[in-house]
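# any chance you can model this:
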Amino acid sequence: MSMSTSKLRLGPLPKTETVKLTISLTTALKTDLDRYAALHAQTYGDPVNAATLIPHILQVFIARDRGFKRAVLPRTVATQRNEKAASD
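This is a model prediction of the structure:
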């Protein structure tokens, strides 16, 4: 494999509580996940399989989705102050 291992978007995996969820993937996506898992293991020294990576990849994706953040984040402190001042 001639992939660069200098930096992966997904860093070392944290220990977390989990729930089981069953999903279906295309064969191409499963192949890519297996390749990513192999590269992740090579980069960080801990063997990991694709199924273990999926929740972490999704977490990173959601954390970086600006549209999602705007839709679900609470109003800013400045907005709350302006609303309070208007009601006084």
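# okay, CA-based contacts and neighbour counts for the rest of this
Noted.
# mind giving me the packing neighbours of the top helix by length along the chain?
Criterion DSSP state H: the longest helix present in the chain is helix 27-44. If contacts are counted by 3 or more C-alpha pairs under 8 Å, 6 or more residues apart in numbering; DSSP states H and E, helix 27-44 sits against helix 50-63.
# and the contacts of the helix it packs on?
Residues outside helix 50-63 that contact it (C-alpha atoms under 8 Å, 6 or more residues apart in numbering) are Leu10, Leu13, Lys30, Leu33, Asp34, Tyr36, Ala37, Phe68, Lys69.
# put the alpha carbons of the longest helix of the chain into CSV.
Extracted in CSV, the C-alpha atoms of helix 27-44 (Å, rounded to 0.1, in the frame of the first residue of the first chain):
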residue,chain,number,x,y,z
THR,A,27,-19.5,-3.1,-1.5
ALA,A,28,-17.4,-0.1,-2.7
LEU,A,29,-17.9,1.8,0.6
LYS,A,30,-17.1,-1.4,2.6
THR,A,31,-13.9,-1.8,0.6
ASP,A,32,-12.9,1.9,1.3
LEU,A,33,-13.7,1.5,5.0
ASP,A,34,-11.5,-1.6,5.2
ARG,A,35,-8.7,0.3,3.5
TYR,A,36,-9.2,3.2,5.9
ALA,A,37,-9.2,0.8,8.9
ALA,A,38,-5.9,-0.7,7.7
LEU,A,39,-4.3,2.7,7.2
HIS,A,40,-5.6,3.9,10.6
ALA,A,41,-4.1,0.8,12.3
GLN,A,42,-0.8,1.5,10.5
THR,A,43,-0.8,5.1,11.5
TYR,A,44,-1.8,4.7,15.2
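# who wins on neighbours among the contacts of helix 50-63?
Ala37 (21 neighbours; other C-alpha atoms under 10 Å).
# quick one: low-confidence parts of the chain?
1-6, 75-88 (pLDDT under 70).
# dihedrals phi and psi, Leu10?
Backbone geometry at Leu10, expressed as degrees, to the nearest 10, gives phi -90, psi 110.
# which ones are touching it?
Leu10 makes contact with His56, Ile57, Val60, according to C-alpha under 8 Å, 6+ apart.
# how near is it to Val60?
Remark: distance between Leu10 and Val60 (C-alpha to C-alpha, to the nearest Å) = 7 Å.
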